[in-house]
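> Model the structure of this input:
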Amino acid sequence: MALPERWRVFLDTNVLIAGLASSTGASAAILDLGEAEELLIVVSRQVLVEADRTLLAKFPSLIERYRAFVKNLSPFLADDPPVALVKEALQCIHVNDAPILAAAKQERLNYLVTLNTRHFMSPKARAFLPVPIVTPAEFLVAFRISWESLST
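Sure, this is the predicted structure:
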């Protein structure tokens, strides 16, 4: 049974990399849900570039798997955020994360999923984005609860 409408879930770079680096764990499960079309994975251009750069530098053996995954999954690519929105995001998050937070804000999402709890889980960042910012494990709990509520 599928959800009535697929959740739109924005993934931060670290979730994408963690899901590819390990076939187990919450990040991998989210990528599996995306591949099974149980949810729509949303990323920004910056997430894709950052993942490619990080994998080339730290996990070169995963780069081909990553590129094949992106090609096969074809995640929804968020528009590049306008400079004004990035500047607004800079007021509540680290400079490197501002374009990602800004890109997420302009999309119709259900969740933003990240492992970067230090920057994205701040009260200011949470207030900036109108949807929950959660870790992969927290997302899977919410997803499971939604599934269970559909079957009752």
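> C-alpha from now on. contacts and neighbour counts both.
Will do.
> Now tell me what touches stretch 98-116 from outside.
Outside stretch 98-116, the residues that touch it by C-alpha atoms under 8 Å, 6 or more residues apart in numbering are 7-15, 44, 46-47, 78-81, 85-90, 120, 125, 128-136, 139.
> ok, now stretch 66-84?
20, 34-35, 40-45, 52, 99, 102-104, 106-107.
> quick revisit: may I see the PyMOL selection of the buried members of the contacts of stretch 98-116?
Selection command for PyMOL covering only the buried members of the contacts of stretch 98-116, criterion 16 or more other C-alpha atoms under 10 Å:
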select buried, resi 7+8+9+10+11+12+13+14+15+44+46+47+78+80+81+85+86+89+90+120+125+128+129+130+133+134+135+136+139
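> Looking at the contacts of stretch 98-116, which are in helices?
Residues of the contacts of stretch 98-116 located in helices (DSSP state H): 13-15, 46-47, 85-90, 120, 125, 128, 136, 139.
> Can you pull the poorly scored residue ranges out of the protein?
1-4, 151-152 (pLDDT under 70).
> Please repeat the previous calculation with a cut-off of 80.
1-4, 147-152 (pLDDT under 80).
> Which strands or helices does the helix or strand where residue 49 lies pack on?
Following DSSP states H and E, one finds residue 49 within helix 45-58. If contacts are counted by 3 or more C-alpha pairs under 8 Å, 6 or more residues apart in numbering; DSSP states H and E, helix 45-58 sits against helix 13-21, helix 63-73, helix 98-105.
> buried ones in the longest one?
The neighbour-count check on helix 63-73 (16+ other C-alpha under 10 Å) flags 63, 66, 73 as buried.
> Wait, the first one touches residue 52, no?
Yes. Here residue 63 lies in contact with residue 52, judged by C-alpha atoms under 8 Å, at a distance of 6.9 Å.
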